[in-house]
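Visitor: Got a sequence here, can you build the structure:
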Amino acid sequence: MDAFYASVEMRDHPDLKEKAVVVAHDPRKHNGHGVITTANYVARKYGVGSAMPAMRAVEQVPKDQLVFIPPNFEKYRQVSAQVHEIMHEVTDQVESVSLDEAYIDVTQNKLGNYSSIELGNYMQQKIFKTTKLTCSFGVTYNKFLAKMASEYAKPFGKTVILPEEALNFLAKQDIKKFPGVGKKMQETLRSMNINTGEDLQKTSVQTLIDRFKKMGYVLAMHSRGIDLSPVQAERQRKSIGKERTFEPSIFEEQAALTQLRKYSREITEMLKERNLQAGCVVLKVRDTNFYTITRRRMLKKKTQDPRIIYQEARALLEREEDFVTRGIRLLGVSVTDLEQEIYEETNLFSTL
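Guide: Next up, the predicted model:
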């Protein structure tokens, strides 16, 4: 996704389109503290980017142009889930890297006999139609090159790197474009007179290993267009849960209920991140004598609601009230019967 968090905010606040939007807490209101989560392309023209101290934006962007927006990760997760739905229309071989980035293997796909470029175009346009946000994609033969390709023509770009073009493409790239090459490594490479992919290609593998160990080998392989890591699709989890052992043990009901509320919120966050709903709540309790029970309750309707998870867990605990009297050594909540919403397959060109 292109400048994802900032783009979501500009979509929801069109009057910010021409402003330098920085998603971060305003450091002028937080004693100079704060880190930039992301910045839109207007802000980037002033040299402002993600992971920088927020004060840099204050120093580098004209005051009348700068807008700070506190991050709203709940909203970003919801939009990310929409994007993942569209990817899963095409294939379940999706490796999510973050809320705004994923690798997709379309060797086999759900929509038919279409090229990877056609599938990329389909997803790009469907994402824009659904979310009103732009994304960029790269099509090539391995993950490392796909990432570089997706960054190459941002925003709203598409880049195809054929196997026979890879070495020439990489040769022209500045070393800062290579994933995994941070500022300190850049400085060391430049001190070795290595500034481009071509310079990396001319440097012996052993020289890079001697200087950078394992990362040197990876960089040598990447500069030669080699990356053997597969797309690792996340397997469907059978359950999601939280538990904790207490020392000293819990002897008060309210302390136990506080833990159940905390678990319910945390489990809900994990469900939302994976776009899953749960159909069963499971309570696990162990007393000071290490006697352990598990109790479960099926829900009438699958949910991501922390209040429902908490209410069901509480009801299960109240049926075992003698545990509180004896002392709770371990308390846990999990959810099972997980399900990802199924979406209708769409004709590839129906939204083009």
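
Visitor: wouldn't Lys154 be in contact with Phe4 here?
Guide: No. The pair Lys154 / Phe4 is not scored as a contact, 11.3 Å apart, by CB atoms under 8 Å. From N, CA and C alone the C-beta is placed, and that goes for glycine too.

Visitor: okay, the two: which has more neighbours?
Guide: Neighbours were counted for Lys154 and for Phe4 using other CB atoms under 10 Å; Phe4 has more, 22 against 15.

Visitor: tally of neighbours for Lys176?
Guide: Neighbours of Lys176 using other CB under 10 Å come to 13.

Visitor: ok, now Glu339?
Guide: Counted by other CB under 10 Å, the residues lying close to Glu339 total 11.

Visitor: where does the stretch 201-350 of the chain have low pLDDT?
Guide: Counting by pLDDT under 70, the stretch 201-350 of the chain shows low-confidence ranges at 234-237, 340-350.

Visitor: show me where it has strands.
Guide: 239-250, 276-287, 292-303, 328-336, 339-340 (DSSP state E, counting those that start in this stretch).

Visitor: Which secondary structure state does Thr159 sit in?
Guide: strand (DSSP: H, G, I helix; E, B strand; the rest coil).

Visitor: Okay, and the beta partners of it?
Guide: Beta-bridge partners for Thr159, by DSSP bridges, are Gly138.

Visitor: pretty sure it contacts Ala149?
Guide: Yes. If you go by CB under 8 Å, Thr159 and Ala149 touch, sitting 4.0 Å apart.

Visitor: which residues are common contacts for these two?
Guide: Contact criterion CB atoms under 8 Å, 6 or more residues apart in numbering; residues shared by Thr159 and Ala149: Phe137, Gly138, Val139.

Visitor: Which residue, other than its chain neighbours, is closest to the first one?
Guide: The reference is to Phe137. Gly120 (4.5 Å; CB to CB, 6 or more residues apart in numbering).

Visitor: Unless I'm misreading it, the one you found sits right up against Lys158, doesn't it?
Guide: Yes. Gly120 is within contact range of Lys158, at 6.2 Å (criterion: CB under 8 Å).

Visitor: Now the common contact residues for the two.
Guide: Phe137, Val139.

Visitor: neighbour count winner among these two?
Guide: More crowded of Gly120 and Lys158, by other CB under 10 Å: Gly120, with 23 against 17.

Visitor: Strands along the stretch 51-200 of the chain, start to end?
Guide: Counting by DSSP E, counting those that start in this stretch, the strands of the stretch 51-200 of the chain are 66-69, 94-98, 101-104, 137-139, 158-160.

Visitor: Could you dump these into CSV with mean pLDDT added?
Guide: Below are the strands of the stretch 51-200 of the chain laid out as CSV (pLDDT from 0 to 100):
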stretch, mean pLDDT
strand 66-69, 97
strand 94-98, 88
strand 101-104, 95
strand 137-139, 97
strand 158-160, 97
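
Visitor: Which of these has the highest mean neighbour count?
Guide: strand 137-139 (a mean of 22; mean count of other CB atoms under 10 Å).

Visitor: right, so the strands of the stretch 201-350 of the chain: which one is the most enclosed?
Guide: Using mean count of other CB under 10 Å, strand 328-336 ranks as the most buried of those, with a mean of 22.

Visitor: Give me the angle between that strand and strand 276-287.
Guide: 160 degrees (axes from the mean of the first three to the mean of the last three CA atoms, to 10 degrees).

Visitor: which parts of stretch 189-207 are buried?
Guide: Buried residues in stretch 189-207, counted by 16 or more other CB atoms under 10 Å: Leu189, Ile194, Thr196, Gly197, Glu198, Asp199, Leu200, Thr203.

Visitor: what's the neighbour count on the closest residue to the first one other than its chain neighbours?
Guide: If the residues on either side of it in the chain are set aside, Leu189 comes closest to Ile175, at 5.3 Å by CB to CB, 6+ apart. Ile175 is surrounded by 18 other residues when neighbours are defined as other CB under 10 Å.

Visitor: Now do Ile175 against Glu151, distance only.
Guide: 14 Å (CB to CB, to the nearest Å).

Visitor: now do Glu85
Guide: Glu85 is 24 Å from Glu151, by CB to CB.
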